[in-house]
Structure formats: C-alpha cells, structure tokens
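Trainee: what would the 3D arrangement of this be:
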Amino acid sequence: MSLARVVALGGGHGLAATLTSLRSITDQITAIVTVADNGGSSGRLRQEFPIFPPGDLRMALAALCADDDWGRSWAEIMQYRFTSDGPLDGHAVGNLLLAALWDRDEDPVAGLDRVGALLKVVGRVLPMAAVPLDIEATFTTSIGRINVRGQVEVATTKGKLESLRLLPENPAARSEALAAISQADVITMGPGSWISSVLPHLMVPAQREAIVNSKATKIVLLNLDANSLNSGDEYAGYSAEDHLHLLQKYA
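Mentor: Now for the predicted structure:
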C-alpha cells in the first residue's frame, strides 16, 4: 500500500506539531505555511528586506528534518537564536539563512527547496501565497469595534471577529501549492492561531477553490484548549463549534 499524500495547512507552533506527528506516518508531506508574520525576528527582517517572513517556514523545515543525527543537529541549528546586545539579538539562524537565499534573488520556493535538501527534510515546505502578506481584522471588544493590523496584533486581540482581510487582497497562490492540494489524499488544517494562521489559507482565492474542490479527506485539528473562555489570545471564548463556523464562513 502506498503512503498517503498529506497537505498540512497552518503556521507557527501548531503546524510544526502536526508535521512532527505526520513525519512518522508518511514521507509524502507538503506543508503550506502562512506568510503574514510581522513579529520578532521575522518582522525585523521584513522591515529590512522585501522578503517572506521566514519564521513559520523555518519552523516547518525544522519539524520535517530527518530523524537521524544529521537531521536532528540541523533542526537545532535552524532554531538556534542569538542572544547578544547587538543587532543579531533574537534572530534565528534559519531565518537568516532563508533571508540570505531570498536576498540573492533566489526564487522563494527554490530557496526553501535548497534548505530542505540540506536538512534532508521529509516532504516539502511551501508558502501560502506568491507574495508576502499582512493581516487586518475587525473585532468587537469590551471597548467597542476596533480595527487591528498585523498578525501579532490580530493573534493577541480578545473579542468577537467581525471581518478578516489579507493585504494585498485576493493574493495569487503558488502553483506548487495548488498542485500539492490537487494530488493530496489528506488535507489537515490547524492547530494553532485560528484567525491569524489557519483561516488565511481560505482567503487566497485559488487555494480556497482547490481545497473546496479537492476529494481529499479533510481533517480539522483544534487547539487542546479550544473551548477555553479564559485563554489570553485570539480564540478566547470560542468553542469548538465556533471554530468550525468560522471555517465554514471563509470556505
């Protein structure tokens, strides 16, 4: 029996956890990663260079590293962060490696594939869109209706989500991502930051259409505290049912 072809959608720690688990089941994995991060090392690099935010892509690559001495050592190197009193403070090695490849005019996917070959990753890592993105959302909060821009800001805002937008609107998808979705046996979404890392995958028109029309088995992975009313992040107060309603709204 051939191994299942799995496409995993998401970003950050949630997607990395999914990929780590999938790696023990199949080697036919494609991670499609959100590209709107504006915080930390990624945010600083985006301010300096016109590149994708590398952080979530780096985490996905590290999660798919081969389960041997070479893979484990490179996973640690990719995740290593500098601590200093200078400009390197807080930067991850993997972020700088990806930024260097992209800054020398390497196609973003070619750069990811090059790093993947170095790390001997199990599968492939792709960006969600053809261009770097920003996220903007409108929430109803305890102080009224507010507009919030930036993935970090959206992910830390408590309130009822009224609307969600990508900037630029209706971005193009990567052809490699569309091909992977069309060939997938299984598509997973989540866990992770639901509003800022999961739902955006359904706001890239060609990718949303590919997901909706795919005959693959679709699996939604919620956060362990999906029903929490007291968590300090964007899904505070959202039940598991609320998560699915949001998914349906944007699909």
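
Trainee: the helices in this protein, which residues?
Mentor: 12-22, 40-48, 55-63, 69-79, 93-103, 108-119, 151-155, 175-183, 205-213, 240-250 (DSSP state H).

Trainee: mean neighbour count, those: which tops it?
Mentor: For these, the largest average neighbour count (mean count of other CB atoms under 10 Å) is found in helix 55-63, namely a mean of 27. In short, each C-beta sits where N, CA and C put it, glycine included.

Trainee: between that one and helix 12-22, how many degrees?
Mentor: In terms of direction (axes from the mean of the first three to the mean of the last three CA atoms, to 10 degrees), helix 55-63 departs from helix 12-22 by 20 degrees.

Trainee: how about residue 112, nearest residue that isn't a chain neighbour?
Mentor: Once flanking residues are discounted, residue 112 sits nearest to residue 125: 5.2 Å by CB to CB, 6 or more residues apart in numbering.

Trainee: no, scratch that, I was asking about residue 30
Mentor: Of all residues not flanking residue 30 in the chain, residue 180 sits nearest, at 4.0 Å (CB to CB, 6+ apart).

Trainee: contacts only, for the residue nearest to residue 112.
Mentor: Residue 125 makes contacts with 30-31, 33, 57, 60-61, 64, 112, 116, as judged by CB atoms under 8 Å, 6 or more residues apart in numbering.

Trainee: how about it: which residues does it bridge to?
Mentor: Beta-bridge pairing for residue 125 (DSSP bridges): residue 31.

Trainee: what of the one 10 residues further on?
Mentor: Beta-bridge partners recorded for residue 135 (DSSP bridges): residue 166.

Trainee: might one say that it is in contact with residue 198?
Mentor: No: counting by CB atoms under 8 Å, residue 135 does not reach residue 198; the two are 11.7 Å apart.

Trainee: pLDDT weak spots in the stretch 151-251 of the chain?
Mentor: Residue ranges of the stretch 151-251 of the chain with pLDDT under 70: 225-237.
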